[in-house]
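K.L.:
Sharing a sequence plus its predicted fold:
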Amino acid sequence: MQIAKVCGTVVSTHKEQSLTGVKFLLVQFLDESGQPLPAYEVAADSVGAGLNEWVLVSRGSAARQTSSSETRPLDALIVGIIDTVSVDNQSLYSKRDQDR
């Protein structure tokens, strides 16, 4: 899994039938200090994530290991919304601080 920040939404009216009803979000992966990496990716959302939230993204075959995604052609799936991240006993991110 990787940590990413939700940057936007992706709408696709014409898609593979098994993807009907799937919410797609544009995510930007973050490095170990919480700084954005240059790459963006489209990920299916299985947890109801929102704009600017930090999320856990499962990629590759691991993205198809949930009951809701096992028959879908997914390469990236948001599997969690992050509450806090700390590194070396230092707070890197807190959702509570972002909600203010």
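P.N.:
Right, received. Where do you want to start?
K.L.:
Now do stretch 83-100: distance to the chain's middle.
P.N.:
Relative to the centre of its chain, stretch 83-100 is centred 17 Å away, using Cα atoms, centre = their mean, to the nearest Å.
K.L.:
ugh, wrong one, stretch 14-28
P.N.:
Put simply, stretch 14-28 sits 13 Å off its chain's centre (Cα atoms, centre = their mean).
K.L.:
now stretch 23-30
P.N.:
Centroid displacement of stretch 23-30 relative to its chain, using Cα atoms, centre = their mean, is 5 Å.
K.L.:
hmm, who's touching it?
P.N.:
2-12, 36-37, 39-45, 49, 54-55, 57, 76, 78 (Cβ atoms under 8 Å, 6 or more residues apart in numbering). All C-beta spots, glycine's among them, are computed from the backbone N, C-alpha and C.
K.L.:
Let's see the pLDDT reported for the closest residue to Lys95 other than its chain neighbours.
P.N.:
Spatial nearest neighbour of Lys95, excluding adjacent residues (Cβ to Cβ, 6 or more residues apart in numbering): Asp83 at 5.1 Å. For Asp83, the pLDDT comes out at 96.
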